[in-house]
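>>> Whatever this is, show me its structure:
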Amino acid sequence: MEQSINKPSTWDGRALSGEWLVSLKVDGVRAIWHDELGWQSRAGKPLYNIPRWNGGPRDCELYVHSFRDTIIAARTRLPKGNTPSIHPDHLYGLDQLDPRLQFGTLTDPTDDDIRLRLHRARTRGFEGLVLRQSDRWIKVKPHETIDVPITGFIEGRGKHAGRLGIVTTPLGNVGAGFSDEERAQLWAEARVTTLIGQIIEVSCMEFTSTGKFRHPTFIRMRPDKYAS
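Numbers count the residues shown, from 1 in each chain. You can find the predicted model right below:
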């Protein structure tokens, strides 16, 4: 059975009309069950160590303690002693909405209504919201981020000499937000030609008139995603 995947759009900050089911958004990895391939990410990457599908939701959000632990747990093909374990309760159903994610409803919500509900979700430790109206899903986060592929890189200068300075992407250069450890690790990957094509998550204050990042900041690597 081929699983249909609903891809939420991003909230544009405006009021909405009609009745909306509100669900909580966890900061995990989308896990889709395929009968022939098992669990895979939304981009079609294999996910490991997840219990086999047991007849429940086939479209889930996987969350194991933190985004980092989730990635390690699901992307480690041969688990080691320190690999986080994945249990059935780490899967949150999306096609059949997990009761743990249900967060009420909103009717004809204004932008203030949505932001207030978002604030309540954030104080409970969730990443954001997903507003649902039939097959229309809208994600709401405090700061929207964009996933983009790395197309190139430049060595740093001064204190960053010998490690990554910036990466280039289709939406512009990104040089802020990397820790010293990340700069060293990514430069090592650049030197062995494995950096280009990887996906990074970037936040920015706004976009230029030509659609490029303005004041972008690196958030994290997205090893669960492929360039489209």
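
>>> Now the residue sitting furthest away from the middle of the chain. Its backbone dihedrals?
For the chain, the residue at maximal distance from the C-alpha centroid (CA atoms, centre = their mean) is Gly158, at 32.6 Å. Dihedral angles of Gly158 (phi, psi; degrees, to the nearest 10) stand at phi 60, psi -130.

>>> Any regions of the protein where pLDDT drops low?
Applying pLDDT under 70 to the chain picks out residues 1-4, 227-228.

>>> Show me where it has its helices.
For the chain, applying DSSP state H gives helices covering 67-75, 111-123, 180-191.

>>> which of these sits most buried?
Of the helices of the chain, the one with the most neighbours on average (mean count of other CB atoms under 10 Å) is helix 67-75, at a mean of 20. Yep, even glycine has a C-beta here, placed from its N, CA and C like the rest.

>>> And that helix, what does it pack against?
strand 29-34 (3 or more CB pairs under 8 Å, 6 or more residues apart in numbering; DSSP states H and E).

>>> how far off helix 67-75 does the strand it packs on point, in degrees?
For strand 29-34 against helix 67-75, the angle by axes from the mean of the first three to the mean of the last three CA atoms, to 10 degrees is 20 degrees.

>>> Report the distance from strand 29-34 to the chain centre.
13 Å (CA atoms, centre = their mean, to the nearest Å).

>>> so what strands line up beside it?
As defined by DSSP bridges, the strand partners of strand 29-34 come to strand 38-40 (antiparallel), strand 59-62 (antiparallel).

>>> Contacts for it next, please.
1-3, 5, 39-42, 47, 50, 53, 58-63, 67, 70-71, 74, 91, 94, 224 (CB atoms under 8 Å, 6 or more residues apart in numbering).
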